[in-house]
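Visitor: okay, sequence plus prediction incoming.
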Amino acid sequence: MKTYHPKKEKSNKTKQILMSAFLTIIMVMSMLGIMLNQDENTTKYNDFKFVQTEKEYTSKISGKQVYFNFLPQEVEQFDIPQEFCSKLQQSTNINILFEPDSQSNMFIDYIRQDLQEVLGKPIISTVTNQSDKYSLYQISSCEQSSEYLPTIYFKENKNSSISIENDNCLVVQSENSGFLLLRDRIVYCYLGVI
């Protein structure tokens with residue numbers, strides 16, 4: 001027959017309470033650790049949240065996951081008028097104009113393909129002058145841009161800058177990987193982030 005030991009039962013209940021409290025504390029600390037770690041990789045800009053991955057930043061904008069090399073605050077010094085952003089948004093096609101003999105064409109070629117995917121619009125590629133390498137491309141200039149076919153002109157230059165020419169032509173000047181910085185600024189403009 002079992003005997004009743006109030007001290008032993010009280011000791012077991014105390015152990016159970018301590019064990020439950022210990023497990024609760026561990027679970028709460030784990031959740032806090034996850035939340036704090038997430039905040040270190042997350043940046044907010046206006047109403048948008050950017051998460052840093054191994055190589056880039058990503059944000060869900062208008063239901064679509066978009067990738068960037070730079071955060072908005074790193075490119076906002078390059079001003080693109082809102083009127084031009086609206087033209088890009090409302091156009092059915094966008095003309096990408098570039099110099100066929102540029103040393104930066106590897107980056108420009110990547111950006112042309114990337115913009116077509118990210119913006120979800122057909123990109124018409126044109127060149128500033130005749131070239132054997134781009135012999136199938138038409139020759140164009142900023143003067144041929146219009147409200148219905150805005151132009152983004154990638155022009156090689158040591159200094160990075162953005163300006164508007166002829167109201168409908170965005171002149172993007174940089175070299176090599178500097179064009180990636182300005183690509184992000186164009187996408188932020190198009191998506192309404194900046």
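Guide: Now that the structure is in, tell me what you want to look at. Residues are numbered from 1 along each chain as shown.

Visitor: check which helix or strand the closest residue to Asn157 other than its chain neighbours maps to.
Guide: Closest residue to Asn157 apart from its sequence neighbours, by C-beta to C-beta, 6 or more residues apart in numbering: Gln173 at 3.8 Å. Quick note: C-beta positions are derived from backbone N, CA and C, even for glycine. Element membership for Gln173, per DSSP states H and E: strand 169-174.

Visitor: show residues contacting that strand.
Guide: 80, 84, 97, 104, 142, 145, 150-157, 159-165, 179, 181-182, 186 (C-beta atoms under 8 Å, 6 or more residues apart in numbering).

Visitor: that strand: partners in the sheet, and parallel or antiparallel?
Guide: Sheet pairing of strand 169-174 (DSSP bridges) gives strand 151-156 (parallel), strand 161-165 (antiparallel).

Visitor: worst-scoring helix or strand of this structure, pLDDT-wise?
Guide: The weakest-scoring helix or strand in the chain, judged by mean pLDDT, DSSP states H and E, is helix 6-40 (a mean of 61).

Visitor: just checking, next helix/strand downstream of that one?
Guide: Criterion used, DSSP H and E; the element after helix 6-40 is strand 42-45.

Visitor: report the buried residues of that following strand.
Guide: Thr43 (16 or more other C-beta atoms under 10 Å).

Visitor: and whichever helix or strand comes after it, what does it pack against?
Guide: Under the assignment DSSP H and E, the closest C-terminal helix or strand after strand 42-45 is strand 48-52. Strand 48-52 sits against strand 42-45, strand 57-61, with contacts defined as 3 or more C-beta pairs under 8 Å, 6 or more residues apart in numbering; DSSP states H and E.

Visitor: ok, how many other residues are close to Asn176?
Guide: Using other C-beta atoms under 10 Å, Asn176 has 13 neighbouring residues.

Visitor: what's the burial count for the residue nearest to it when sequence neighbours are not counted?
Guide: The shortest distance from Asn176 to any non-neighbouring residue, by C-beta to C-beta, 6+ apart, is to Ser104 (5.0 Å). Counted with other C-beta under 10 Å, residues neighbouring Ser104 total 20.

Visitor: and Phe98, bridged to which residues?
Guide: With DSSP bridges as the rule, Phe98 is bridged to Val127, Phe154.

Visitor: go ahead and confirm it touches Ile124.
Guide: No. With contact defined as C-beta atoms under 8 Å, Phe98 does not reach Ile124; the gap is 11.9 Å.
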